[in-house]
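S.K.: The following block contains a protein sequence and its predicted model.
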Amino acid sequence: MNKKVAVFRKEHFNAAHRLFNPAWDEKQNDAVFGKCNNPNYHGHNYELEVKVVGEPDPETGYVFDLKKLSDIINENVLEKLDHKNLNLDTVYFENINPTAENIVIVIYEILREKIDEKFDLQIRLYETERNFVEYPV
Amino acid sequence: MIYLTRVEHFNAAHKLYNPAWSKEKNEIVFGKCANENWHGHNYELYVTIKGEPNADTGFLYDVKKLSDTIKEHVIELLDHKNLNIDVEFLKDKMCSTENLVIGIWQQLIMHLPTEVKLHAIKLYETPRIFVEYFGE
């Protein structure tokens, strides 16, 4: 039996965004994205949960030092997204909509590069208390 | 005396930026909140009224009507909006949570029946930051 343990770090950021497809006309954008298409943007408090899975290290007892995980998330994700306009201020959403689905994939890809492949990684992102997404599944 | 609270929520973009100041001064005072391209929040709104239950209904006030009033005169105006640009009752005001809660109080006082006594409005800007206003 393996001794894999999941460890989690919660972080949070807030940002403005707008959902629209520049290839569509205003009517179609309104029909599909509704209030989320406000051209003056709206915003959310995002709550982020990062899950890292591995076996506790025999020397430290840690799966992954959660302070280090927090530092990695802060430096590579929160610094880029917190108090930003996701459409205008980040490079990630130049060609894709900053939906919760696309944001969670971006965050996963950023963190996957920074966390050793021997650990499994999964991200949960709350856009509101009632709407949240997970990746990968 | 009974205190009855209805909870509603909305989300919006805003920035904290005083146009009378230089960009540098805004950044010193408001930090990341001064980002010229906006940022945003999920706001949670707690509206509390007070009074005695009606003998016939047992209600302090029909909470569905309270909810409808909040939705029509507050949520409709704020939800998925840019507080600095889209909201008439915040025009020329700094879009802090403090000023927002006062603006919401004034909206509700205007549209609630006079017999309904508004007691308090609590407004969460984030799960960790909130303000309260009692009309004082």
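M.R.: Happy to help now that I have it. Residues are numbered from 1 along each chain as shown, chains lettered A, B, ... in the order given.
S.K.: Please identify the residues of chain B in proximity to chain A?
M.R.: Applying C-beta under 8 Å from any C-beta of the partner chain, we find that chain B lies next to chain A at B:9, B:11-14, B:32-33, B:35, B:37-42, B:79-82, B:85-86, B:126-127. Any C-beta I mention is one placed from the backbone N, CA and C, and that applies to glycine too.
S.K.: Now the buried members of those.
M.R.: Buried residues within these, counting neighbours by 16 or more other C-beta atoms under 10 Å in any protein chain shown: B:11-14, B:33, B:35, B:37-42, B:79-82, B:85-86.
S.K.: mind checking how far stretch B:44-53 is from the chain centre?
M.R.: Taking C-alpha atoms, centre = their mean, to the nearest Å, the mean C-alpha location of stretch B:44-53 is offset from the chain mean by 14 Å.
S.K.: so what's the closest residue to A:Leu88 other than its chain neighbours scoring on pLDDT?
M.R.: Excluding the flanking residues, the one nearest A:Leu88 by C-beta to C-beta, 6 or more residues apart in numbering or on different chains is B:Asn37, at 4.5 Å. On the pLDDT scale, B:Asn37 is placed at 97.
S.K.: SS state for B:Asn37?
M.R.: Following DSSP: H, G, I helix; E, B strand; the rest coil, the label given to B:Asn37 is coil.
S.K.: Show me what B:Leu123 is bridged to.
M.R.: Under DSSP bridges, the beta-bridge partners of B:Leu123 are B:Leu45, B:Val131.
S.K.: Same check on A:Lys84?
M.R.: A:Ala15.
S.K.: quick one: it and A:Tyr92 touch, right?
M.R.: No. Here A:Lys84 lies out of contact with A:Tyr92, judged by C-beta atoms under 8 Å, at a distance of 10.4 Å.
S.K.: And for the residue of chain A found nearest chain B, the neighbour number?
M.R.: Nearest residue of chain A to chain B (C-beta to the nearest C-beta) works out as A:Gly43 at 0.7 Å. A count of neighbours around A:Gly43, defined by other C-beta atoms under 10 Å in any protein chain shown, yields 29.
S.K.: Not counting its neighbours along the chain, what's nearest it?
M.R.: Closest residue to A:Gly43 apart from its sequence neighbours, by C-beta to C-beta, 6+ apart: B:Gly40 at 0.7 Å.
S.K.: Now the residue nearest to A:Leu88, what are its backbone angles?
M.R.: Note on B:Asn37: backbone dihedrals following degrees, to the nearest 10 are phi -90, psi 10.
S.K.: Thought A:Ala16 was touching it, still the case?
M.R.: Yes. Using C-beta under 8 Å, B:Asn37 and A:Ala16 qualify as a contacting pair, with a distance of 7.0 Å.
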